[in-house]
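Visitor: Below is the structure, and that's it, no one-letter string:
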């Protein structure tokens, strides 16, 4: 949660609000509204969230929210799009360093779990709220998920090419492995955010061990070591 | 889809319906209604599904559906409960043979993917429809999911105890591994059902390789062999 938002929340009480509203460019104010909306949607759920509370947390008037974002539905869609793009960007940035396949996967998982732990409301909006409110929201998240699966698929395929003299992992199996990995990560993110004793790094390590070393190796006490 | 349902659907056209309705015990007729409802909910979605079509497919009158199941919401809830129980039972049955940990996991995965492939409408109801229609349906599925995660957790913990002289997998890590495995299986079930070229056994083998051998081992060309 950036400085901009904190400033807006503070500004909601006190006479400086109007002055500050006038000074801020529309793009900045829209981001404040989205910050507030993600928080309220994540905590209250889509249906229970009120536009009054979102406007209050954003430190703006409700008519201004409607002027900028049109409707609760469009505001929610804008939240999904922004948070989906941010999550995809975080994972891509995490992996951008390159290196051997296990390092890249570890970096990607670290980035994913750090991002979902840092923005638990955004993760709830993406993974729970958007998917449990039917269309058109579920379709928005499906697009993001496909993008992440495609990205992970290319990562695994590249790693397999590096590792093999002859390619042994069929294209379809690589796609299946990517689906498994993404599903496992989604499941663990919800679990980690619901349990304060599980750190983002711990969740990433659990999945890395599961995915890289395999359960069979784990049972024998052999773990993946970064 | 059992004989009872097929009979009911056939009976929907033709004069024998009323006679057959009178002869059947309530429990049997309720199962017919649920069979029809799972199919229609799975294919049309909760909102678009009509009680008229469900009654028609079940081969009964609409008032009879309301008499037995009260409302569309209660009918949907009954579908979720029945299909959740059936899925949990299928996985438990699959694993009931015992044996070494990898064999049990393989048997459980085979059972899971065979069941979700055999009942694609039921899987859509559980995994997509129920979760995307908000409460109270999402909570019903969450109960089933917790049960499956608890079952998988106990399976992994037991396997770890068997394999280790000293226990190396902490309780929390075992819970995390179970979450990862269940999330991966959910993700793969949707993927397999959406691609006719992926068999239930193929999906189970992909996850088994991923989970048991680990990606690192796979990259080296080492696979888990049943």
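Guide: Structure's in. What do you need? Note that this is a predicted model, so its numbers are computed, not measured.

Visitor: Would you mind measuring from residue A:206 to residue B:176?
Guide: Separation of residue A:206 from residue B:176 (CB to CB, to the nearest Å) stands at 4 Å. For the C-beta atoms, the positions are set from N, CA and C on the backbone; glycine is no exception.

Visitor: residues shared between the contacts of these two?
Guide: residue A:188 (CB atoms under 8 Å, 6 or more residues apart in numbering or on different chains).

Visitor: Tell me the spatial nearest neighbour of the residue nearest in space to the middle of chain A, not counting adjacent residues.
Guide: For chain A, residue A:87 is the residue whose C-alpha lies nearest the centre (CA atoms, centre = their mean; 3.8 Å). Ranked by CB to CB, 6 or more residues apart in numbering or on different chains and with sequence neighbours excluded, the top spatial neighbour of residue A:87 is residue A:115, at 5.7 Å.

Visitor: And the helices in chain A, which stretches?
Guide: According to DSSP state H, chain A carries its helices in the segments A:3-11, A:16-23, A:26-44, A:51-58, A:62-69, A:72-95, A:101-118, A:120-123, A:130-132, A:137-163, A:171-193, A:200-208, A:214-219.

Visitor: CSV please, covering those helices and showing distance to residue B:94 and mean pLDDT.
Guide: Below are the helices of chain A laid out as CSV (distance: least, CB to CB, whole Å; pLDDT from 0 to 100):
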stretch, distance to residue B:94, mean pLDDT
helix A:3-11, 49, 39
helix A:16-23, 61, 51
helix A:26-44, 37, 94
helix A:51-58, 47, 97
helix A:62-69, 49, 95
helix A:72-95, 34, 94
helix A:101-118, 30, 90
helix A:120-123, 32, 94
helix A:130-132, 28, 73
helix A:137-163, 27, 83
helix A:171-193, 19, 88
helix A:200-208, 25, 89
helix A:214-219, 17, 69
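
Visitor: And those helices: which comes nearest residue B:26?
Guide: helix A:130-132 (33.1 Å; CB to CB).

Visitor: before we move on, back to that, surely the residue nearest to residue A:87 touches residue A:86?
Guide: Yes - using CB atoms under 8 Å, residue A:115 is in contact with residue A:86, at 7.4 Å.

Visitor: The two - which one has more neighbours?
Guide: residue A:115 (22 against 15; other CB atoms under 10 Å in any protein chain shown).

Visitor: For that one, give its distance to chain B.
Guide: 17 Å (CB to the nearest CB, to the nearest Å).

Visitor: quick one: contacts for the residue nearest to residue A:87?
Guide: A:86-87, A:90-91.

Visitor: Tell me how many other residues crowd the nearest residue to residue A:33 once chain neighbours are set aside.
Guide: Spatially, and ignoring its direct neighbours in sequence, residue A:33 is nearest to residue A:58 (4.7 Å; CB to CB, 6+ apart). Close neighbours of residue A:58, defined as other CB under 10 Å, add up to 28.

Visitor: Residue A:58 and residue A:26, how far apart?
Guide: 13 Å.

Visitor: Then residue A:146?
Guide: Residue A:146 is 31 Å from residue A:26, by CB to CB.

Visitor: Kindly report the same for residue A:144.
Guide: Distance from residue A:144 to residue A:26, by CB to CB: 25 Å.

Visitor: go on, residue A:82?
Guide: 15 Å.

Visitor: Between the two, which has more neighbouring residues?
Guide: More crowded of residue A:82 and residue A:26, by other CB under 10 Å: residue A:82, with 18 against 10.

Visitor: Please tell me I have it right and the more buried one contacts residue A:34.
Guide: Yes - if you go by CB under 8 Å, residue A:82 and residue A:34 touch, sitting 5.6 Å apart.

Visitor: count of residues packed around residue A:181?
Guide: 28.

Visitor: what number of residues lie near residue A:95?
Guide: 22.

Visitor: correct me, but it touches residue A:106?
Guide: No - Residue A:95 lies out of contact with residue A:106 (CB under 8 Å); the separation is 9.5 Å.

Visitor: between these two, what contacts are shared?
Guide: With CB under 8 Å, 6+ apart as the test, residue A:95 and residue A:106 reach no residue in common.

Visitor: roughly how far apart are the residue nearest to residue A:33 and residue B:146?
Guide: 36 Å.

Visitor: and what of residue A:152?
Guide: 27 Å.

Visitor: what does residue A:183 give?
Guide: Counting by CB to CB - residue A:183 and residue B:146 are separated by 17 Å.

Visitor: neighbour-wise, which of the two wins?
Guide: Shown here are residue A:183 and residue B:146; by other CB under 10 Å, residue A:183 has more neighbours (25 against 11).

Visitor: And that one, how far from residue B:176?
Guide: Taken as CB to CB, the span from residue A:183 to residue B:176 is 14 Å.

Visitor: How about residue A:133?
Guide: From residue A:133 to residue B:176 the distance is 28 Å (CB to CB).

Visitor: okay, these two: which has more neighbours?
Guide: residue B:176 (28 against 21).

Visitor: Surely the more buried one is in contact with residue A:189?
Guide: No - the criterion here is CB under 8 Å, and residue B:176 misses it with residue A:189 at 11.1 Å.
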